[in-house]
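> What follows is a predicted protein model with its sequence.
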Amino acid sequence: MGTDFHLFKEGIEPKWEDETCAKGGKWTYYVPKQTEGVALDESWLNLLLFMIGEQFSTPGEICGAVVSVRQKQHRVALWTKTASNEVEQVSVGRHLKFVLEIPESEKIGYMVHDDAIRLERRAKDRYTV
């Protein structure tokens, strides 16, 4: 509990200030509380395999991924480079839902790093799928 695991492309650090990530954001999936650890492990593994195999619709847009293991609620996040390109971001978000096997009825959101830094707790998702 309380641990983050990261996998980012070579030369990219898992922080907002990294020049590759600075103009981007992240898609975040909040794993339902009733989900067992095995399901979280499988989701994380699937995401890693899709990233390593460059299977996303726009693999050059992907910076890396983070899984945050928490007492209250786990989360999986996929970081991207270009927050301003809505078409690309929505495509990545849809693909992420496919990879994580998220039902169509559930929504995931995209938070722009600049918004999160500037607005802190008041920041809202820019895109949802």
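Yep, it's here.
> CA only for contacts and neighbour counts going forward, please
Will do.
> counting contacts, what elements does the helix or strand of the chain with the lowest mean pLDDT pack onto?
When each helix and strand of the chain is scored by mean pLDDT, DSSP states H and E, helix 113-119 comes last, with a mean of 89. Under the contact criterion of 3 or more C-alpha pairs under 8 Å, 6 or more residues apart in numbering; DSSP states H and E, helix 113-119 touches strand 25-30.
> Partner strands of the strand it packs on, with direction?
strand 75-80 (antiparallel), strand 109-112 (antiparallel) (DSSP bridges).
> CSV for those, including mean pLDDT?
Formatted as CSV, the strands paired with strand 25-30 follow (pLDDT from 0 to 100):
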stretch, mean pLDDT
strand 75-80, 97
strand 109-112, 96
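> got JSON lines for those strands, with distance to residue 121 and mean neighbour count too?
Output for the strands paired with strand 25-30, formatted as JSON lines (distance: least, C-alpha to C-alpha, whole Å; neighbours: other C-alpha atoms under 10 Å):
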{"stretch": "strand 75-80", "distance to residue 121": "17", "mean neighbour count": "23"}
{"stretch": "strand 109-112", "distance to residue 121": "12", "mean neighbour count": "22"}
